[in-house]
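Provided below are the primary sequence and the corresponding predicted coordinates.
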Amino acid sequence: MATFRTLAMALGMLIAVLVGQNVIGTFISSSQTMSLGHEDPANKPTQADYDRLDRIIGELAVAAGKGDSWRPRMVIKPSILPQAYATNSEVGVTIGLMRMCNDAELAFVMGHEMTHMLEDHMVKSIFPRLLVLLLSFMLVVTGIVAIPLAFWRENHGKMALYLWLVIGVLALSSFADSQISQANERAADRGAILLTGNATAGADALQKLKDMKRPKDMPYTPMLGQVIWNRAFPSHPPLSARIDALRAEANSIRSVR
Ligand SMILES: [Zn+2]
């Protein structure tokens, strides 16, 4: 029995380290990927880049029934990695993504991000995120006392129980967060089809992302814990599943016409 408790404790500690890596890694990677290549003046967005984005978002605004002068705040990040994002008042895209996509593909990506914004996806997913934060904070604070105390008293059973409680709660909340996020991604892809009427362009853009090779000068290699956690609880449905869904949608539109 004592061996079992010690084993459970050791395994719990190992997984706790991986979970910690995921938390730290997520902070580092999101800030680094958004700025990869920013020191190169060639990656600075030009007026032509802003004009192109403005024209595309203007067309989407009309399609969304917002009128042709309506605009969210638009940001172009000087990163060479192809990425886009939306908050509740802002849509952003990297120079890398703008260069990778033709106009129809860029319109689909921005239609996807605008759907996140117009459907308030960020606000709707904030509750599970806050819950994760609050629970993690409480568990970490109590853990700072409980885990060393149990270790010091050589109470491996209690320590194992505590560690597994922490891991279980985080895994459950990450699972919920992942499910909500994936549902939002599918909704944003559907929204982009409605706004652009061009599911094929969406499939083409995602295919380019899928075929892209990881840049050699990537400043940051994800830590093992981050890789495992992201595999277990992905924020996006797999690219291939999204591409298949968009191609199927494009085919069904074609067959109706
Ligand atoms: Zn999205």
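Sure, I can see it. Quantities reported herein were computed from a predicted structural model and do not represent experimental measurements. Numbering: from 1, shown residues only.

What residues does the stretch 151-257 of the chain have near the ion?
The interface of the stretch 151-257 of the chain toward the ion, taken as Cβ under 5 Å from the ion, is made up of 185, 188. Using the backbone N, CA and C atoms, a C-beta is placed for each residue, glycine as well.

Just the helices from the stretch 151-257 of the chain, written as ranges.
Assigned by DSSP state H, counting those that start in this stretch, the helices in the stretch 151-257 of the chain fall at 156-196, 199-211, 224-232, 239-256.

how about TSV for those, with mean neighbour count, distance to residue 57 and mean pLDDT added?
Below are the helices of the stretch 151-257 of the chain laid out as TSV (neighbours: other Cβ atoms under 10 Å; distance: least, Cβ to Cβ, whole Å; pLDDT from 0 to 100):
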stretch	mean neighbour count	distance to residue 57	mean pLDDT
helix 156-196	18	10	89
helix 199-211	19	15	95
helix 224-232	16	30	89
helix 239-256	14	21	90
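
among those, which is nearest residue 45?
helix 199-211 (19.0 Å; Cβ to Cβ).

Same list, the helices of the stretch 151-257 of the chain, but as JSON lines with distance to residue 95 please.
Listed next are those as JSON lines, based on distance: least, Cβ to Cβ, whole Å:
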{"stretch": "helix 156-196", "distance to residue 95": "21"}
{"stretch": "helix 199-211", "distance to residue 95": "15"}
{"stretch": "helix 224-232", "distance to residue 95": "25"}
{"stretch": "helix 239-256", "distance to residue 95": "21"}
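
just so I know, which of those lies nearest residue 117?
helix 156-196 (9.4 Å).

relative to helix 199-211, how tilted is that closest one?
140 degrees (axes from the mean of the first three to the mean of the last three Cα atoms, to 10 degrees).

what packs against helix 156-196?
If you count contacts as 3 or more Cβ pairs under 8 Å, 6 or more residues apart in numbering; DSSP states H and E, helix 156-196 packs onto helix 2-33, helix 47-63, helix 103-118, helix 121-124, helix 126-152, helix 199-211, helix 224-232, helix 239-256.
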